[in-house]
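S.K.: quick one, structure for this:
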Amino acid sequence: MIIETSAPTRVDLAGGTIDIPPLFLFHEGAATVNFAVSMLAHCRIETRDDDRIILRSIDQERTVEARLNDINSLRDEPSLALLSKLVYFFRPSVGFEMTTRSEAPAGAGLAGSSTLNIACIAALNKLVGDRYTPERFIPIAANVECQVIRVPTGFQDYYSAQYGGVAAIHFGPEGIRREGLDIDVETLERRIAVCYTGEPRNSGTNNWDITKRHIDGDKEIFEIFDGIRDTSLELRQALLAGDWDAAGEILAKAHPQRKRLSPHITTPHMDALIEAAEAAGAIAAKVCGAGGGGCIAFFTEDGKRADVEAALAAQDGCRVLEWRPDLDGLTMKVSD
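M.R.: Numbering: from 1, shown residues only. Purely as a prediction, here's the structure:
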């Protein structure tokens, strides 16, 4: 049997970090806004006639092997830790080879690891006979990823990977709810440029520092998170109303607010890229993920995306990324 799955990465427009439990419980109405993009994470499983388990990452150029009777060894395997931990969790009863790859750059801040997580969970779940319903994929993904990175992980990335599209994710004591946003995706695509800075980031480190300050009762952090929540709700409303000028103004105000969270949100190189993009017609910059490197998304003046991309491409170390909105989310193909 061959199982092939794919899931889209995402650009987070507003609300990032507030999706980490228990932070959202202290900011009533907490929400994030993001959209899935066509840079996919892929997982392929092919069953074997023997008892070997072979895990292979094309991106990391690493391979891990085990036997079915020694599957416990994968629990704390440091190489390909996420893949190994997932296999340990599902505990398949047949030998197989699992190969993964991602179309997004490493350390891009586009939720590559969370997206690969969802793709692998779907494939492994099929391998073990659909043990869990799809509604369980996201809690499993968050819990296993937390075990791997050893700090709390946010939830918004899993929703874009599994469901695709443009969405507001709402957080509260009653749980987490995804709201698909029916907006003009052609305008979204026309007005947003995405570039990879050439500097990979470490989201676990930045987010944990911010989370710890919040838990310790830092009043400034509480104030900033209230503003992050408000920005998400305002952006949601502007997008639903088709008010793209208001959306640009909201995003422009959000960037300096987010930089108050940590001095490491941007680097000098990232600041130079933002300056060049704004000179070419960018209205607002949104550092993707936790920042400190990775990707930056730019909301541009209408008709200026190409100009902004040209200005970015001229900067050292910067790579403009091709993308389209992904409305499909998680996909699977099974064959004999």
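S.K.: CA only for contacts and neighbour counts going forward, please
M.R.: Noted.
S.K.: ok, what's across the strand from residue 192?
M.R.: Beta-bridge pairing for residue 192 (DSSP bridges): residue 299.
S.K.: was I right about it contacting residue 299?
M.R.: Yes - counting by C-alpha atoms under 8 Å, residue 192 does reach residue 299; the two are 4.7 Å apart.
S.K.: compare the two (neighbour count), which wins?
M.R.: residue 299 (30 against 22; other C-alpha atoms under 10 Å).
S.K.: tell me the spacing between the more buried one and residue 308.
M.R.: 10 Å (C-alpha to C-alpha, to the nearest Å).
S.K.: got any residues that touch both of these two?
M.R.: Common contacts of residue 299 and residue 308, defined by C-alpha atoms under 8 Å, 6 or more residues apart in numbering, comprise 193, 282.
S.K.: could you report the neighbour count for residue 78?
M.R.: Neighbours around residue 78, by other C-alpha under 10 Å: 12.
S.K.: which SS class is it?
M.R.: Under the three-state scheme (DSSP: H, G, I helix; E, B strand; the rest coil), residue 78 adopts coil.
S.K.: what pLDDT does it get?
M.R.: pLDDT for residue 78: 94.
S.K.: ok, now the one 5 residues further on?
M.R.: If you check residue 83, the pLDDT there is 98.
S.K.: who's in contact with it?
M.R.: Per C-alpha under 8 Å, 6+ apart, neighbours of residue 83: 55, 117, 120.
S.K.: what helix or strand is the last one on?
M.R.: When you say that, I think you mean residue 120. Assigned by DSSP states H and E, residue 120 falls within helix 112-127.
S.K.: which elements pack onto that helix?
M.R.: Helices and strands touching helix 112-127, by 3 or more C-alpha pairs under 8 Å, 6 or more residues apart in numbering; DSSP states H and E, are strand 2-14, strand 31-47, helix 81-90, strand 96-102, helix 137-149, helix 156-163.
S.K.: list the contacts of residue 152.
M.R.: Residues near residue 152 by C-alpha under 8 Å, 6+ apart: 20-21, 146, 208.
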